[in-house]
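Trainee: task: produce atomic coordinates for the following.
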Amino acid sequence: MPQHFSIVKRPDHAIESVDNALLLIDLLRRHPQDGVRVADVAAYLGVAPSSAHRLLSTLLYRGFVTRGPARQYRPGPALGVAETSGTQSVPGLVLEVLAALSAETGETVSLVRRRGVSVEFLTTVESRQRLRVGERTGTVLPARLTSGGKALLAALDDASIRSLYAGGRTPAERLGTPDLMRLLTEMAEVRRVGYALNLRQTEVDISAIGAAVPRAGGLPPQDAVALSSPAVRTRQLTSEDSIDHLRRACAELARIAADGEDRPAKTAPAESDVPAEG
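Mentor: Okay, here's the model as predicted:
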């Protein structure tokens, strides 16, 4: 059954440091095996590396994190066994790009991956605005209704889309001719403009815009980036500035992926988290 997400409003008297600590704990629970580094945390929270280091040090002291030999922090005994089902680790460089996009646009950013006729939200960087779209990691929704899912479907040719929706294993995965024709028409428009919209299609009070992350060699993209906001901010969300930021983020993620494929495997060199503080 699809999971749904909602708009959340930050309390009027929220304590910033507590909020950051809770966001960090959530990040650790979603990346229990690979862990996180100080730079990852700083980018995710939008704080200075020294602030991220102090947060991690405090959680380490209280047993909420452990520190590995490669200077990575993982969930500690105070967090118990982290839940990992249905999610996967996202590299720190990717998190930095998503966090930068959220800071530039002021909205919640998600990385999604298509799985058949559905999309899974791999990770989320929440907006820091008081009224925002909340955490979406692990959410599974129909690809044809979500902005990121539409962007990924549009990267396929019409024959492949027809095959996907004609051969679904359940009635929910199959489309009749009228619905399929509407979908193909929408996919043609997504290809023309280079991005896709979800205007209150999955939730009545949420809008989203998504674009696929290109892959080298002409391969169909696997992932897409989605910006989501409360519907009252739809005009800002779909502005030319937001679209430009989204496109640049997708291009940067494509470069990161290409660099990773070209770089030979090697052991990670030792690195320090932050300059020593006096």
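Trainee: and the longest helix along the chain, what does it pack onto?
Mentor: When the chain is parsed with DSSP state H, its longest helix is helix 240-262. Here helix 240-262 touches helix 92-105, strand 206-212, strand 223-230, going by 3 or more C-beta pairs under 8 Å, 6 or more residues apart in numbering; DSSP states H and E. (Each C-beta comes from the backbone N, C-alpha and C, glycine too.)
Trainee: among these, which comes closest to residue 259?
Mentor: Each of those has some distance to residue 259 by C-beta to C-beta; the shortest is helix 92-105, at 8.8 Å.
Trainee: next one: the longest helix of the chain to chain centre, how far?
Mentor: The chain centroid and the centroid of helix 240-262 are separated by 13 Å under C-alpha atoms, centre = their mean, to the nearest Å.
Trainee: all further residue positions should be reported with the first residue as 52.
Mentor: Okay, residue one is now 52; in that scheme the one you just asked about reads as helix 291-313.
Trainee: where in this structure is pLDDT low?
Mentor: Across the chain, the ranges flagged by pLDDT under 70 are 52-65, 84, 119-121, 128-140, 218-224, 312-329.
Trainee: any idea where the strands of it begin and end?
Mentor: Here the chain has its strands, by DSSP state E, at 58-60, 116-118, 124-126, 159-166, 169-176, 182-184, 191-193, 247-250, 257-263, 274-281.
Trainee: with mean neighbour count added, can I get those in TSV?
Mentor: Shown next, in TSV, are the strands of the chain (neighbours: other C-beta atoms under 10 Å):
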stretch	mean neighbour count
strand 58-60	15
strand 116-118	19
strand 124-126	22
strand 159-166	24
strand 169-176	24
strand 182-184	20
strand 191-193	18
strand 247-250	20
strand 257-263	26
strand 274-281	27
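Trainee: compare these and give me the one nearest residue 98.
Mentor: strand 169-176 (13.1 Å).
Trainee: mind listing what residue 157 touches?
Mentor: Each residue near residue 157 by C-beta atoms under 8 Å, 6 or more residues apart in numbering is listed here: 178-180, 287.
Trainee: buried only: go through those residues for me.
Mentor: Buried by 16 or more other C-beta atoms under 10 Å: 178-180, out of those.
Trainee: circling back to that earlier point, and the strands of the chain as CSV, adding distance to residue 83?
Mentor: Output for the strands of the chain, formatted as CSV (distance: least, C-beta to C-beta, whole Å):
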stretch, distance to residue 83
strand 58-60, 24
strand 116-118, 11
strand 124-126, 5
strand 159-166, 18
strand 169-176, 13
strand 182-184, 25
strand 191-193, 20
strand 247-250, 30
strand 257-263, 28
strand 274-281, 21
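Trainee: out of the ones you listed, nearest to residue 81?
Mentor: Set against residue 81 and scored by C-beta to C-beta, the strands of the chain come closest in strand 169-176, at 6.8 Å.
Trainee: pull the distance from the closest one to the chain's centre.
Mentor: 5 Å.
Trainee: how about stretch 151-158: buried residues?
Mentor: Neighbour counts using 16+ other C-beta under 10 Å place 151-158 of stretch 151-158 among the buried residues.
Trainee: count the neighbours of the closest residue to residue 267 other than its chain neighbours for me.
Mentor: Distances taken as C-beta to C-beta, 6 or more residues apart in numbering put residue 309 closest to residue 267, at 5.0 Å, once the chain neighbours are dropped. Counted with other C-beta atoms under 10 Å, residues neighbouring residue 309 total 14.
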